[in-house]
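Undergrad: Whatever this is, show me its structure:
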Amino acid sequence: PMKVVVVGGGVVGLTSAYRLAAAGCEVTLLDAGRLGAAASHGNAAKMAYAESGPVPAPGVLLQGIRWMLKRDSPLAVRPSLAPGFVKFMLSMARHCNEADFTRGLELHLRLADDANDLLDDYVRDGVDFEMHSAGVLLAFETRDRFAEQCASLPLLEEFGMPGRKLDRTGIDEVEPVLAERIRYGLYFTRDRQIEPDSLTRGLTARCRALGVDIRENTAVARFERSGHTVTAVVTNHGESIALDELVLAAGVWSGPLSKQLGVPLPIHPGKGYSIDYRPAPVQLTTSLTLEDARVAVTPLNGMLRLAGTMEFGRFNDHVDPVRVEAIRRAARENLVGWGDPAGEAAPWAGLRPMTPDGLPIIGRFGGLANACVASGHGMLGLTLAPATAEIVTDLVTGRTGGLPADVLTAVSPDRFRRRRPGAHVAA
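TA: Presented below is the predicted three-dimensional model:
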């Protein structure tokens, strides 16, 4: 069988390893820490179909400038001396326009179109994890923010996700826990909720059953190459693991690792935060996004998760108490009966892998004959992981009949090496 080394044990790396092993490959999965312990652990715990637009969006640049001096704002930029950071931010600014945003939203919807079916296939194949089908209610204080989101409704409807517009009476019917300050709502029924640690455990167990060699606390020290072929991964333990195919799925760390292969990809950290409460301080009917505060509220078995903020800049997972308090305040102000809840876990922060155009990077790269990258999923790692695993498996095994060529071209790493007529250079 083909020997494949997958670097990275988050949700993208695990789903890729699982699908490759199921396709008959001999898979070794390496993670520098514990499986699922980085960005996958503390995400918003939901398949965010209704909110799958790219981060660069119309107005984001202007809003970001207004928020620059507010430490508790939903978006922050921490200046970094890392090479390429200024170039990355300027490139992202160029993508903050209506045309690029709409193209990005459509691409994400195409990638996520079969995700629920693929998740159901996982369950039928014995992958055991916590999943709910509670839908999502996007909750708005201001009419401007509501109107902004409504602009995407026609495209969402094309993909079988009609959004039901709610006034205050409708909001009370769907989710009476929301405070009176919430005046407008959009309700979508297709979005699901997944407890990410349970998915990590379920995928890990299924991978082991399929013979995947899983090695935690095993980092890549260097790659061995022969011309345009990667021949082995040398680990921090001094072991050389020979391979036929390499899959780089290490989240934000895929950027530095790609540089080791001579093809630096523009993947930079976007820090996000989450806070868990056991038991849940309020009982919700559906999952929520408090749109003006940019905070997700996700009910799970016996708990509730708050997640939010985007902080660009540095490779550290330091927890800023000011930003954590802004997330708590959003819950206090918008959820009736929140009060001062007990059972708050230690706040968490993790680094999402961001790209300048807000789209994932999936495909062969840098002229290397046997190396694939699967990273740059930003805030949609969980949502796009099932499709990503199928693309990776198609590429590695030569399987055909997957996603159309234009989708694969749009997410290809090659887009950062070429200028297309009439298009922005992405990095």
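
Undergrad: From here on, just use CA atoms for contacts and neighbour counts.
TA: Fine.

Undergrad: ok, then the element right after the worst-scoring helix or strand of the chain on mean pLDDT?
TA: Here the helix or strand of the chain ranked lowest by mean pLDDT, DSSP states H and E is helix 60-67, holding a mean of 65. Once helix 60-67 ends, the next helix or strand along the chain (criterion: DSSP states H and E) is strand 75-77.

Undergrad: so what strands line up beside that following strand?
TA: In the sheet, strand 75-77 lines up against strand 303-312 (parallel) (DSSP bridges).

Undergrad: any idea of the mean pLDDT in the partner strand?
TA: Predicted confidence along strand 303-312 averages 91 (mean pLDDT).

Undergrad: ok, now stretch 344-355?
TA: Mean predicted confidence for stretch 344-355 is 95.

Undergrad: so where do the helices sit in the stretch 151-300 of the chain?
TA: 153-158, 168-174, 196-209, 254-260 (DSSP state H, counting those that start in this stretch).

Undergrad: And the third one, what's buried?
TA: Of the residues in helix 196-209, those scored as buried under the neighbour-count criterion (16 or more other Cα atoms under 10 Å) are 196-207.

Undergrad: and of these, the nearest to residue 17?
TA: Nearest to residue 17 among those: residue 207, at 7.0 Å, using Cα to Cα.

Undergrad: wait, what's in contact with the nearest residue to the closest one once chain neighbours are set aside?
TA: Sequence neighbours aside, residue 18 is the residue nearest to residue 207 in space, at 5.3 Å (criterion: Cα to Cα, 6 or more residues apart in numbering). Residues near residue 18 by Cα atoms under 8 Å, 6 or more residues apart in numbering: 203, 206-207, 210, 212.

Undergrad: which SSE is residue 18 in?
TA: helix 11-22.

Undergrad: How far does that helix sit from its chain's centre?
TA: Centre-to-centre, helix 11-22 and its host chain are 16 Å apart (Cα atoms, centre = their mean, to the nearest Å).

Undergrad: which is the next helix or strand following it?
TA: Sequence order places strand 26-30 as the next helix or strand after helix 11-22, per DSSP H and E.

Undergrad: other SSEs contacting the very next helix or strand once past that next one?
TA: Toward the C-terminal end, the helix or strand that comes next after strand 26-30 (DSSP H and E) is strand 46-47. Helices and strands touching strand 46-47, by 3 or more Cα pairs under 8 Å, 6 or more residues apart in numbering; DSSP states H and E, are strand 192-194, helix 381-397.

Undergrad: before we move on, back to that, and the helices of the stretch 151-300 of the chain: which comes nearest residue 329?
TA: So among these, helix 168-174 is nearest, using Cα to Cα, at 20.7 Å.

Undergrad: List the buried residues for the closest one?
TA: For helix 168-174, by 16+ other Cα under 10 Å, it's 168, 170-171, 174.

Undergrad: ok, of the residues you listed, which one's closest to residue 95?
TA: Nearest to residue 95 among the buried residues of helix 168-174: residue 171, at 33.6 Å, using Cα to Cα.

Undergrad: Distance of the spatially closest residue to that closest one that is not a sequence neighbour relative to residue 263?
TA: Setting aside the residues directly before and after it, residue 171 is nearest to residue 185 in space (Cα to Cα, 6+ apart), at 6.4 Å. Distance of residue 185 to residue 263, given as Cα to Cα, to the nearest Å: 44 Å.

Undergrad: Of those two, which one has the most company?
TA: Regarding residue 185 and residue 263, a neighbour count based on other Cα atoms under 10 Å identifies residue 185 as having more, with 27 against 17.

Undergrad: May I have the beta-bridge partners of that one?
TA: Using DSSP bridges, the bridge partners assigned to residue 185 are residue 139, residue 166.

Undergrad: Mind pulling up the pLDDT for it?
TA: For residue 185, the pLDDT comes out at 98.

Undergrad: List the contacts of it.
TA: For residue 185, the contacting residues are 137-140, 146, 164-168, 171, by Cα under 8 Å, 6+ apart.

Undergrad: picking that back up, okay, the buried residues of helix 168-174 in a markdown table with pLDDT and distance to residue 372 next?
TA: Below are these laid out as a markdown table (pLDDT from 0 to 100; distance: Cα to Cα, whole Å):
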| residue | pLDDT | distance to residue 372 |
| --- | --- | --- |
| 168 | 95 | 48 |
| 170 | 97 | 47 |
| 171 | 97 | 45 |
| 174 | 96 | 44 |
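
Undergrad: Would you convert those into CSV that also reports distance to residue 331?
TA: Shown next, in CSV, are these (distance: Cα to Cα, whole Å):
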residue, distance to residue 331
168, 18
170, 20
171, 17
174, 18
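
Undergrad: List the buried residues of stretch 405-412.
TA: Neighbour-count burial for stretch 405-412 [16+ other Cα under 10 Å]: 408, 410-412.

Undergrad: which ones among those are found in helices?
TA: 408, 410-411 (DSSP state H).

Undergrad: Filter the contacts of residue 185 down to the buried ones and express that as a PyMOL selection.
TA: Applying 16+ other Cα under 10 Å to the contacts of residue 185, the buried members can be selected in PyMOL as follows:
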select buried, resi 137+138+139+140+146+165+166+168+171
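
Undergrad: Need the helices of the stretch 151-300 of the chain in a markdown table (columns: distance to residue 338).
TA: Shown next, in a markdown table, are those (distance: least, Cα to Cα, whole Å):
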| stretch | distance to residue 338 |
| --- | --- |
| helix 153-158 | 31 |
| helix 168-174 | 17 |
| helix 196-209 | 24 |
| helix 254-260 | 39 |
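
Undergrad: Of all those, which one comes closest to residue 332?
TA: helix 168-174 (17.7 Å).

Undergrad: circling back: ok, which of the helices and strands packed on strand 46-47 comes nearest residue 306?
TA: Residue 306 sits nearest to strand 192-194 of all the helices and strands packed on strand 46-47, at 13.0 Å, using Cα to Cα.

Undergrad: What's the local residue count around the nearest residue to residue 289 once chain neighbours are set aside?
TA: In this structure, residue 289 finds its nearest non-sequential neighbour in residue 296, 4.3 Å apart by Cα to Cα, 6+ apart. Each residue near residue 296 was counted by other Cα under 10 Å, and the total is 27.
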